[in-house]
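Engineer: this one's sequence-less:
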């Protein structure tokens, strides 16, 4: 009969040779998985954290990278919600999100000679008012042609 003991499988009444076969079989399975898993990595996706590093590097080089979960982000700067804490009167702490003030705004681009509509944070709108839409887009590496009307 088999029974579980501290997470390890123990065979009652088995010989030392039988237990070593079980250990050898599990070892071979681990070796095969260790060899095959890198070969199947293209099917299962990148290692955890790899994609996030690559996206961060790409956004530093070519501006803001907008992904599938970019609903509440500024399309110019990539600024998103901030993690914060709610503190009650009894000083119990619970986490919450501080959403940014997003507004949909139209600007006229002199470089494109047309209108551009973007979802922008109000702080980004102040920057655009100061420097202009074309200079701000160049600063953040954003292609305005994607947002042309």
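Structural biologist: Great, that's in hand. Since the structure is predicted, the reported quantities are computational estimates derived from the model, not experimental observations.
Engineer: for this protein, name the helix or strand with the lowest mean pLDDT.
Structural biologist: Ranked by mean pLDDT, DSSP states H and E, the weakest helix or strand in the chain is strand 8-11, scoring a mean of 50.
Engineer: quick one: the helices in this protein?
Structural biologist: Remark: helices assigned in the chain by DSSP state H are 16-39, 41-44, 50-62, 122-131, 133-140.
Engineer: so residue 110 sits against residue 134, correct?
Structural biologist: Yes - with contact defined as C-beta atoms under 8 Å, residue 110 reaches residue 134; the gap is 6.0 Å. C-betas here are computed from N, CA, C, even on glycine.
Engineer: so where is this protein shaky, pLDDT-wise?
Structural biologist: Low-confidence segments of the chain, defined by pLDDT under 70: 1-19, 36-70.
Engineer: neighbour-wise, which of residue 110 and residue 134 wins?
Structural biologist: residue 134 (17 against 9; other C-beta atoms under 10 Å).
Engineer: what separates the nearest residue to the more buried one once chain neighbours are set aside from residue 100, distance-wise?
Structural biologist: Nearest non-adjacent residue to residue 134, counting by C-beta to C-beta, 6 or more residues apart in numbering: residue 111, 4.8 Å away. From residue 111 across to residue 100, the span is 26 Å (C-beta to C-beta, to the nearest Å).
Engineer: ok, those two, which is more surrounded?
Structural biologist: Applying other C-beta under 10 Å to residue 111 and residue 100 shows that residue 100 carries more neighbours, namely 19 against 14.
Engineer: isn't the more buried one up against residue 81?
Structural biologist: Yes - in this structure residue 100 lies within contact range of residue 81 using C-beta under 8 Å: 6.2 Å.
Engineer: quick check: neighbours shared by the two?
Structural biologist: Each of residue 72 lies in contact with both residue 100 and residue 81 under the rule C-beta atoms under 8 Å, 6 or more residues apart in numbering.
Engineer: number of residues surrounding residue 73?
Structural biologist: Counted by other C-beta under 10 Å, the residues lying close to residue 73 total 19.
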